[in-house]
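S.K.: got a predicted structure plus its sequence, pasted below:
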Amino acid sequence: MLWKRNAETGKDVTELKQRLKNNWTLKLASVAIAFLIWLVVGNINDPIIQKVYSNVKVNITNGSYIESRGMTYRLDSNYQTVSVTLRGNSSKVTKRNDDIVVEADLTQIVDMDSTPVMVPVTVKCKDISAENITVSPITIPIEIEERETKDFMIAVNYGDSVPGAGYEVGKIYANPEKISVSGPESIIDKIDRVVANVSVEGMTVNSSKKANLIIYDKNQEIMSDKEMQYLTFDIGDSKVDVYVELWSTVSGVTFTCDPKGTPANGYAVSKIVTTPSEISLAGTEEALETLKKNGNQIEIPSRLVDIGNARETVECKIDLAEILPSGTKTVSNQAESIIVEVGILPLGSKQISLPTQNIQALNLTGELQTVFTDTALTVTVRGKEEDLKNVTAASIKASIDCSGLDEGTYNLPVTITLPNNITLLSEITANVQLVSLEQKKTAAE
């Protein structure tokens, strides 16, 4: 009986095992439970999230589709970037900034007649399916404009940079000197000038340099990168070669002048002076060698200084560019013009420079002292030629009367006492400041 029961029990166990092996519902349930357990554990360690990426750049593709029609396009600055949202496991959707590619394909424009036209935006990100990617906005406006081309001369600017000692920039020009710029009509019409910026700091030999082109609009502001991206150049890019030719410098260059015409009857030329009396020039080797042979003197053409029938001093302002020899120029930070002064005096007269320190101050009150504005005054006298020869500043006595004057600045007549047989042709005055002795000491310190 015991054996029989054991046999039956064994049979039951065998049957149970067989049923378990053939029970697919139980197997599937086990797999599902295992998957759920894996999913729960996975979500705990690598959860499903949404990651938003802002300011992702929009790449315009197939621009030639528009350009082939003689048109061009422009993307408004507010739509040059979009926001992209990625959904998936944290490990997949984080740190994907460089993997996100946003494109606006211009061949996908539906209505070319709308203003602006709308272009759909597509996004790709490696290993992220399309259904897990969203973009905002999903379309962006594109301005379609007539394409325009204009020619501009290239100006060269080297700013405050300076070559090495003894050199000046003689010639500087871009190669090419003219450029054609193409782009949207609204941008091209804003262009005022094109400039190539270079530095000549410390240069001592002629050379060619690469320079970036800078475009200025009509408000004299540099055109933004967002606008520049829509411009193209006939030279291919926005760089040009700039050739810099250096010239040597020479100092101590003076002037000669033979004025046009003659003074009125009874008058004569007393002096011819220039201000400044000498200048510095830069020039080519040939030009400076020729200048040296002429004694480093520049002749001022007579037509520029006319003293015909003059009865008083003639002053003429002359633009140096009119008289400089070919192949020369003024050095930096030097005036571009000179003043030629031709003194005209009656015959038998003479001008003498009288130092103001020789002027005696009479009737000063208290501790007042004199401070003259000018270091010298011009005294014009007349007499026989033999008498004039002996008249000098030392032979002239001069004084001012300070009676009743307090501290302050005054323009006072100067009393002149001359040698015998010499007369004063015109009265003179002196600008003088009366100061206390203590104030004068303080100013001197």
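M.R.: Cool, got the structure. Quick caveat, the model's predicted, so the values are computed rather than measured. Numbering: from 1, shown residues only.

S.K.: just for this structure, where's the confidence low?
M.R.: Counting by pLDDT under 70, the chain contains low-confidence residues at 1-27, 29-31, 34-44, 438-445.

S.K.: domain ranges for it, per the record?
M.R.: The chain breaks down into these domains under automatic domain parsing: 2-40, 48-137, 147-245, 258-346, 349-444.

S.K.: could you dump the ones you listed into a markdown table and include distance to residue 252?
M.R.: Quick note: C-beta positions are derived from backbone N, CA and C, even for glycine. Output for these, formatted as a markdown table (distance: least, Cβ to Cβ, whole Å):
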| stretch | distance to residue 252 |
| --- | --- |
| domain 2-40 | 94 |
| domain 48-137 | 58 |
| domain 147-245 | 14 |
| domain 258-346 | 5 |
| domain 349-444 | 24 |
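
S.K.: who are the neighbours in contact with the closest residue to residue 50 other than its chain neighbours?
M.R.: Using Cβ to Cβ, 6 or more residues apart in numbering and skipping the chain neighbours, the partner closest in space to residue 50 is residue 87 (4.9 Å). Applying Cβ atoms under 8 Å, 6 or more residues apart in numbering, we find residue 87 in contact with 48, 49, 50, 51, 93, 132, 133, 134.

S.K.: now with 7 Å?
M.R.: Contacts for residue 87 (Cβ atoms under 7 Å, 6 or more residues apart in numbering) come out as 50, 93, 132.

S.K.: next, the closest residue to the last one other than its chain neighbours: phi, psi?
M.R.: In this case it means residue 132. Take residue 132 and drop its neighbours on the chain: the residue closest to it by Cβ to Cβ, 6+ apart is residue 87, 4.3 Å away. When read as degrees, to the nearest 10, the backbone of residue 87 gives phi -120, psi 130.

S.K.: what's the neighbour count on residue 78?
M.R.: Using other Cβ atoms under 10 Å, residue 78 has 8 neighbouring residues.

S.K.: that one looks like it's in a helix, true?
M.R.: Yes. Under DSSP: H, G, I helix; E, B strand; the rest coil, residue 78 sits within a helix.

S.K.: of the contacts of residue 87, grab the buried ones for PyMOL.
M.R.: The buried residues among those can be selected in PyMOL (16 or more other Cβ atoms under 10 Å) with this line:
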select buried, resi 93
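
S.K.: what residues are bridge-paired with residue 360?
M.R.: As for beta bridges, residue 360 partners with residue 399 under DSSP bridges.

S.K.: look up how far residue 425 lies from it.
M.R.: 22 Å (Cβ to Cβ, to the nearest Å).

S.K.: list of residues touching stretch 156-169?
M.R.: 172-174, 195-204, 242, 244, 246-249, 282, 331-332.

S.K.: for it, measure first residue to last.
M.R.: For stretch 156-169, the separation between the terminal residues is 12 Å (Cα to Cα, to the nearest Å).

S.K.: quick check: buried residues in it?
M.R.: By neighbour count with 16+ other Cβ under 10 Å, stretch 156-169 contains the buried residues 156, 158, 162, 163, 167, 168, 169.

S.K.: can you redo those residues as TSV with secondary structure?
M.R.: TSV is the format used below for the buried residues of stretch 156-169 (three-state DSSP):
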residue	secondary structure
156	strand
158	coil
162	coil
163	coil
167	strand
168	strand
169	strand
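
S.K.: just those now: which is nearest residue 325?
M.R.: Taking Cβ to Cβ as the measure, residue 325 lies nearest residue 168 of the buried residues of stretch 156-169, at 15.0 Å.

S.K.: and the closest one, bridged to which residues?
M.R.: Judged by DSSP bridges, the bridge partners of residue 168 are residue 247.

S.K.: ranges for the strands of the stretch 51-200 of the chain?
M.R.: Taking DSSP state E, counting those that start in this stretch as the test, the strands found in the stretch 51-200 of the chain are 71-75, 81-89, 100-105, 117-125, 133-136, 139-157, 167-175, 178-184, 191-197.

S.K.: so which of those strands gets nearest residue 219?
M.R.: strand 191-197 (8.1 Å).

S.K.: neighbouring contacts of that closest one?
M.R.: Contacts for strand 191-197 (Cβ under 7 Å, 6+ apart): 150, 152, 154-157, 174, 179, 181, 211-218, 220, 240, 242.

S.K.: what sits up against the helix or strand just after that strand?
M.R.: For strand 191-197, the succeeding helix or strand toward the C-terminus, using DSSP states H and E, is strand 207-217. Defining contact as Cβ under 7 Å, 6+ apart, one finds that strand 207-217 is touched by 190-198, 222-223, 228, 238-244.

S.K.: buried ones among the residues you listed?
M.R.: 190, 191, 194, 195, 196, 198, 223, 238, 240, 242, 244.
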